[in-house]
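Peer 1: I'll drop the sequence and a predicted model, then ask my questions.
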Amino acid sequence: MAAADTAMPAPAGPPSTPATPDAPAPRRVSARAATGRSGRSGDDGPAGESGWRDRVRAVVGHGVLAGLSLFCIFPIYWMYATSLRRPDEVYNVTLFPWPLSIGNYTHVTDVLPMGQLILNTFLVALAVAVGQMLVGLLAAYAFTAWKFRGQTLLYLAFVGTWLVPFQVTMLPNYTLLYRLGLLNVLPGVIIPNLVSALGVLLLRQHMASFPRDLIDAARIDGRSAWSILWTVIVPNLRAPLAALAIVLFINAWNDYFWPALVLQRAESVVQLGLRGLFVGVEGPDWGGLMAGSGLACLPIFAIYLMLQRHVVSAFVRSGLK
């Protein structure tokens, strides 16, 4: 049969795709070409130039900081180096004192009651620092916790007193102390310095950034404003308070003009005691003056070493705000 003998059509296969030209083979790149003509590992590109510039900036910055540190430390080193020279070699301009001698320290402790002077100065500086911190803490809390009419004007007026020169308030304060009978006594140095705008200015900035949620939660718990200050805010401001304490203590410790005006006795504070070595009949006693200054600096160094961790933390937090 003709129909049976006819071959069945073959099944259709997948559609054929048009022929495309062969893709070019991947180009082989030599190691020398990949790393640059000179064979270096890509330092000539933008990223390499940026890294090189960063390293140069780091080296220059650290060099400048090292120079400034040396500039600040060298006077302290020279003070102790001069104090350790023999009294007849004080004017020897050598970088390293040799042979070492404690003659200047023996002389200054024989001439002046250094222990009593340092103790009096420490008590004055401590009282002034604590008073200024307490007043600054309370005032800063009042300026941030409550809103009242004229708050900004009052704050600006309070902080503006920091710009008033000391010579403007010197005579009124001296006259007031004379009428109160507080001349030639340590309270006369302390009382006029118990209030400072510096503490208010610094603490208000930290309290303004304090989380309000913690304060609101404490109020919901039924705590009073006084309790919130001492149990919620102050524990979280230990680093700023420590930094402020160091600044206020050093300012009070270094104060010379006001104690010299109020106190007439050389045995009162260390500044007036050392003044006697500078204005002696035979001229300045540089060896004794450097030795006494070295002894007077020891409490400052000790306090800073104890609180330096909090100071660094305060500066870091200020930078992150």
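Peer 2: Everything's here; your move.
Peer 1: Quick one: list the elements packing against the longest helix seen in the chain.
Peer 2: Looking across the chain with DSSP state H, the single longest helix is helix 46-83. Under the contact criterion of 3 or more C-beta pairs under 8 Å, 6 or more residues apart in numbering; DSSP states H and E, helix 46-83 touches helix 286-320. Where C-beta positions appear, they are placed from N, C-alpha and C, glycine not excepted.
Peer 1: quick one: average confidence on the helix it packs on?
Peer 2: The average pLDDT for helix 286-320 rounds to 78.
Peer 1: now do stretch 173-193
Peer 2: 91.
Peer 1: switch to numbering from 24
Peer 2: Got it, the first residue is 24 from now on, which makes the last one we talked about stretch 196-216.
Peer 1: Centre of the chain to it, how far?
Peer 2: Remark: stretch 196-216 is offset 32 Å from the chain centroid, using C-alpha atoms, centre = their mean, to the nearest Å.
Peer 1: Which positions in that stretch come out as buried?
Peer 2: By neighbour count on 16 or more other C-beta atoms under 10 Å, the buried set for stretch 196-216 is 196-197, 200, 205, 209, 211-216.
Peer 1: which parts of the longest helix of the chain are buried?
Peer 2: 102, 104-106.
Peer 1: Could you export the residues you listed to TSV, including columns for pLDDT and distance to Ala265?
Peer 2: What follows is the buried residues of helix 69-106, written out as TSV (pLDDT from 0 to 100; distance: C-beta to C-beta, whole Å):
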residue	pLDDT	distance to Ala265
Met102	90	26
Ala104	90	31
Thr105	88	32
Ser106	88	30
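Peer 1: Among these, which one sits closest to Asn274?
Peer 2: The nearest member of the buried residues of helix 69-106 to Asn274, counting by C-beta to C-beta, is Met102 at 20.0 Å.
Peer 1: could you say which helix or strand contains Tyr178?
Peer 2: Assessed by DSSP states H and E, Tyr178 sits inside helix 174-183.
Peer 1: go on, Ile269?
Peer 2: helix 261-277.
Peer 1: From the contact counts, what lies against whichever helix or strand comes after that helix?
Peer 2: Going down the chain from helix 261-277, the next helix or strand is helix 280-285, by DSSP H and E. Counting contacts by 3+ C-beta pairs under 8 Å, 6+ apart, helix 280-285 packs against helix 189-203, helix 209-213, helix 293-301.
Peer 1: one step back: could you dump the buried residues of helix 69-106 into JSON lines and include distance to Gly138?
Peer 2: Shown next, in JSON lines, are the buried residues of helix 69-106 (distance: C-beta to C-beta, whole Å):
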{"residue": "Met102", "distance to Gly138": "20"}
{"residue": "Ala104", "distance to Gly138": "24"}
{"residue": "Thr105", "distance to Gly138": "22"}
{"residue": "Ser106", "distance to Gly138": "17"}
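Peer 1: and Thr192, how many neighbours does it have?
Peer 2: Thr192: 12 surrounding residues under other C-beta atoms under 10 Å.
Peer 1: Leaving out the residues flanking it, which one is nearest to it?
Peer 2: Pro215 (8.0 Å; C-beta to C-beta, 6 or more residues apart in numbering).
Peer 1: Check Ala220 too.
Peer 2: That would be Trp185: by C-beta to C-beta, 6+ apart, it lies 3.8 Å from Ala220.
Peer 1: just Tyr128 next, same as before
Peer 2: Ala314 (4.6 Å).
Peer 1: and that neighbour, how far is that from Trp253?
Peer 2: 43 Å (C-beta to C-beta, to the nearest Å).
Peer 1: These two: which is more packed in?
Peer 2: Higher neighbour count among Ala314 and Trp253: Ala314, with 29 against 11, using other C-beta under 10 Å.
Peer 1: for the more buried one, what are its contacts?
Peer 2: By C-beta atoms under 8 Å, 6 or more residues apart in numbering, the contact list for Ala314 reads 106, 127-128, 130-131.
Peer 1: how about a cut-off of 7 Å?
Peer 2: Contacts of Ala314 were listed using C-beta atoms under 7 Å, 6 or more residues apart in numbering, and they are 106, 127-128, 131.
Peer 1: do Leu200 as well
Peer 2: Taking C-beta under 7 Å, 6+ apart as the criterion, Leu200 is in contact with 206, 211, 285.
Peer 1: got the residues you listed as TSV, with distance to Leu260 columns?
Peer 2: Shown next, in TSV, are the contacts of Leu200 (distance: C-beta to C-beta, whole Å):
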residue	distance to Leu260
Leu206	37
Gly211	31
Val285	33
